[in-house]
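J.: Below is the sequence, then the predicted model.
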Amino acid sequence: MSTTDIQFNKNEDSNKQNWDIVKSRLEKIYAGGGAKSAAKQKEKGKLLARERIEYLRDDNSNWIEIGAFAGFDMYSEYGGCAAGGVVAGIGYVSGRQCVIVANDATVKAGAWFPITGKKNLRAQEIAMENHLPIIYLVDSAGVFLPMQDEIFADKEHFGRMFRNNAIMSSMGITQIAAVMGSCVAGGAYLPIMSDEALIVEGNGSIFLAGSYLVKAAIGENIDNETLGGATTQSEISGVIDDKFPNDQACLDRIKYIMDKIGHKEKAGFDRVKAVLPVKKQEEIWGIFPADKGKTYKSIEIIERLVDNSEFEQYKEGYGKTILCGYARIDGWAVGIVANNREMVKSKKGEMQFGGVIYSDSADKAARFIMNCNQKKIPLVFLQDVTGFMVGSKSEQGGIIKDGAKMVMAMANSTVPKFTIILGNSYGAGNYAMCGKAYDPRLIVAWPNAKIAVMGGEQAAKTLLQIEKASLKAKGEEITPENEKALLDKITQRYDSQTTPYYAAARLWVDAIINPLDTRKWITMGIEAANHAQVKPFHPGILQV
């Protein structure tokens, strides 16, 4: 497609507008609980959560934020929960790549909503999978009590944090915690189960029960500072290792500690000097269709993501609705599995729909995934998939067997996997192309991605038929006008649940990203994964 083509220009305008919407929403999220709440924190001499991270991070270093949209458009009855009340991501401190997690005290005093717990656990998961040091900047009032039943007692709730503290310690993963504000109740265990526990004088406090609860429980009158302030916990109880006069001094100590951590054996993923794509990355805006039902040449996207625009295809003439091949991204060797959105002709001369997984393409992808594991090459999945092919020909051709083969190989893969959802991500296609349920090290979406069990139009018509049958069973008839109104209502509701914002709010994806940042996310992810050894690959029983 030429850059002067009318459709190219329409795509470019629409895609950039979608990214502008993402940016405007991120600006509001970055404001946390708002200017008034921020001013209260400043009056106490505190840095805000994002300021703490910025001060801690190395200058001019890469940073990828995990879960910025967590909680988006959720908890409206409580005034919302920007970014889930916590800022998290992967960055560099004293030259060492690490995970940083900072409570945002401007959002409900840093209280834990259900999504806060899920986001914290995701950050710990990233640290554990990749053997990255993790830094906690603690400033939280604890569990958000009106929703305690959704955050306290289950396996993936608040308590899992401390279990992970213990597991990471046994794995030899460095954990550093700085108590920079409140740290109460069960949350007090997090810093004390870390390798290093620091505290800021005046603002930091840590105790199992605050002064009000102590009064109610045992009748003792005591203030919070005496009960669990910096001096008490660092000089009397010995719970905290060191105290510091302000946020900056505390963060400086973390930098000092990070500078001394020893190096471990790497996984050994291959990397050479990085080269930019020859084809202009900016052209992705115009090549990628604004209408997700349109076909396009997926190879054109790949050539704008990989070094020197070089992509060596695997079984190019077979299973054409999935593109597999070897390339480099920012110098790292990668194996790419991408849905091909072109209409193609099969080996039997039949036309195949772009974005649909057929038996031959599933078979090819399974074999390629196994090859990458054999060669210790990280896998990148580029999703734009409407699902597996259905119908009598596909069933008789063994689509379930070949689909299962692909899922088996992908699920058991031990090299790190990274998933980019470009457009559609529907049904079992989401699973086969390494959706969130299949443990990608990182999974992100472009601004106009759609994630659902099926497309909105098909789903709405299916739901309409169910609704009509239900009304008929009650002896009610539906007029054409009411049928249309009902269909529109169902479509609107369903479409609202398929947006990238809906997915990112619930952490089905780690972020909504600018397509031009795709290379950065992949290289940061592989660098992180290179800290952890790769286990032997055992694909399980494959139906051949």
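T.: Alright, I've got the coordinates. On a predicted model such as this, the values are computed, not experimentally measured, just so you know. Residues are numbered from 1 along each chain as shown.

J.: can you pull out the helices in the stretch 201-350 of the chain?
T.: Taking DSSP state H, counting those that start in this stretch to define them, one finds helices in the stretch 201-350 of the chain at 211-218, 224-228, 230-231, 247-258, 284-287, 298-302.

J.: hey, which of those is tucked in deepest?
T.: For those, average neighbour numbers computed from mean count of other C-beta atoms under 10 Å are highest in helix 284-287, which has a mean of 23. Where C-beta positions appear, they are placed from N, C-alpha and C, glycine not excepted.

J.: Let me see the mean pLDDT of it.
T.: The average pLDDT within helix 284-287 is 97.

J.: Take it, keep the C-alpha atoms, and write them as PDB.
T.: Written as PDB, here are the backbone C-alpha positions of helix 284-287 (Å, rounded to 0.1, in the frame of the first residue of the first chain):
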ATOM      1  CA  ILE A 284       2.300   1.100  10.500                       C
ATOM      2  CA  TRP A 285      -0.300   3.800  11.200                       C
ATOM      3  CA  GLY A 286      -1.400   3.700   7.500                       C
ATOM      4  CA  ILE A 287      -0.900   0.000   6.700                       C
END
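
J.: Pull the residues that contact that helix.
T.: For helix 284-287, contacts defined as C-beta atoms under 8 Å, 6 or more residues apart in numbering pick out 1, 3, 5, 8-9, 11-12, 15-16, 296-297, 300-301, 304, 515-516.

J.: Stretch 383-392 now?
T.: By C-beta under 8 Å, 6+ apart, the residues outside stretch 383-392 that reach it are 292, 298, 338-339, 341, 352-353, 355-359, 362, 394, 399, 403, 419-430, 432-435, 454-455.

J.: Pull out the buried members of these.
T.: By neighbour count, with 16 or more other C-beta atoms under 10 Å, those hold 292, 298, 338-339, 341, 352, 355-359, 362, 394, 399, 403, 419-430, 432-435, 454-455 as buried.

J.: Quick check: residue 384 is in a strand.
T.: Yes - Residue 384: assigned to a strand according to DSSP: H, G, I helix; E, B strand; the rest coil.

J.: Distance check, the closest residue to it other than its chain neighbours against residue 515.
T.: Closest residue in space to residue 384, ignoring its immediate chain neighbours: residue 423 at 4.1 Å, by C-beta to C-beta, 6 or more residues apart in numbering. Residue 423 sits 11 Å away from residue 515, going by C-beta to C-beta, to the nearest Å.

J.: if I look at these two, which residues touch both of them?
T.: 288, 446.

J.: Could you tell me the end-to-end distance of stretch 334-345?
T.: For stretch 334-345, the separation between the terminal residues is 27 Å (C-alpha to C-alpha, to the nearest Å).

J.: Cross the contacts of stretch 383-392 against helices and list the overlap.
T.: Counted as lying in helices by DSSP state H, out of the contacts of stretch 383-392, are 298, 359, 362, 394, 399, 403, 427-430, 432.

J.: Can you lay out the residues you listed as CSV showing distance to residue 315?
T.: Below are these laid out as CSV (distance: C-beta to C-beta, whole Å):
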residue, distance to residue 315
298, 15
359, 14
362, 12
394, 20
399, 18
403, 17
427, 24
428, 22
429, 20
430, 23
432, 17
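
J.: Go through these and flag the one the model is least confident about.
T.: In terms of pLDDT, residue 394 ranks lowest among those, with 76.

J.: Which residue is the nearest non-sequential neighbour of that residue?
T.: Leaving out its chain neighbours, the residue that sits closest to residue 394 by C-beta to C-beta, 6+ apart is residue 359, at 6.7 Å.

J.: The one you found reaches residue 400, doesn't it?
T.: No - here residue 359 lies out of contact with residue 400, judged by C-beta atoms under 8 Å, at a distance of 9.2 Å.

J.: ok, back up a step: out of the helices of the stretch 201-350 of the chain, the one nearest residue 489 is which?
T.: helix 284-287 (33.5 Å; C-beta to C-beta).

J.: So which residues of the stretch 201-350 of the chain form strands?
T.: Remark: strands assigned in the stretch 201-350 of the chain by DSSP state E, counting those that start in this stretch are 205-207, 242-244, 312-313, 322-329, 332-339, 344-345.

J.: Just send the ones you listed back as TSV, with mean pLDDT and distance to residue 287 too.
T.: Listed next are the strands of the stretch 201-350 of the chain as TSV, based on pLDDT from 0 to 100; distance: least, C-beta to C-beta, whole Å:
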stretch	mean pLDDT	distance to residue 287
strand 205-207	91	53
strand 242-244	96	52
strand 312-313	98	18
strand 322-329	98	15
strand 332-339	98	14
strand 344-345	82	18
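
J.: Of those, which is nearest residue 497?
T.: strand 332-339 (21.9 Å).

J.: roughly how far is the closest one from the heart of the chain?
T.: Computed by C-alpha atoms, centre = their mean, to the nearest Å, the chain-centroid distance of strand 332-339 equals 19 Å.

J.: And stretch 336-348, by the same measure?
T.: Distance of stretch 336-348 from the chain centroid (C-alpha atoms, centre = their mean) equals 28 Å.

J.: ok, now stretch 83-102?
T.: The mean C-alpha position of stretch 83-102 is separated from the chain mean by 13 Å, C-alpha atoms, centre = their mean.

J.: likewise stretch 479-489?
T.: Remark: stretch 479-489 is offset 37 Å from the chain centroid, using C-alpha atoms, centre = their mean.

J.: Stretch 262-269 now?
T.: Centre-to-centre, stretch 262-269 and its host chain are 24 Å apart (C-alpha atoms, centre = their mean).

J.: What is the end-to-end distance of that stretch?
T.: The first and final residues of stretch 262-269 sit 20 Å from each other (C-alpha to C-alpha).

J.: Give me the phi and psi for the nearest residue to residue 253 once chain neighbours are set aside.
T.: Leaving aside its sequence neighbours, residue 253 sits nearest to residue 198 (C-beta to C-beta, 6+ apart; 6.0 Å). Backbone torsions for residue 198, taken as degrees, to the nearest 10, come to phi -120, psi 160.
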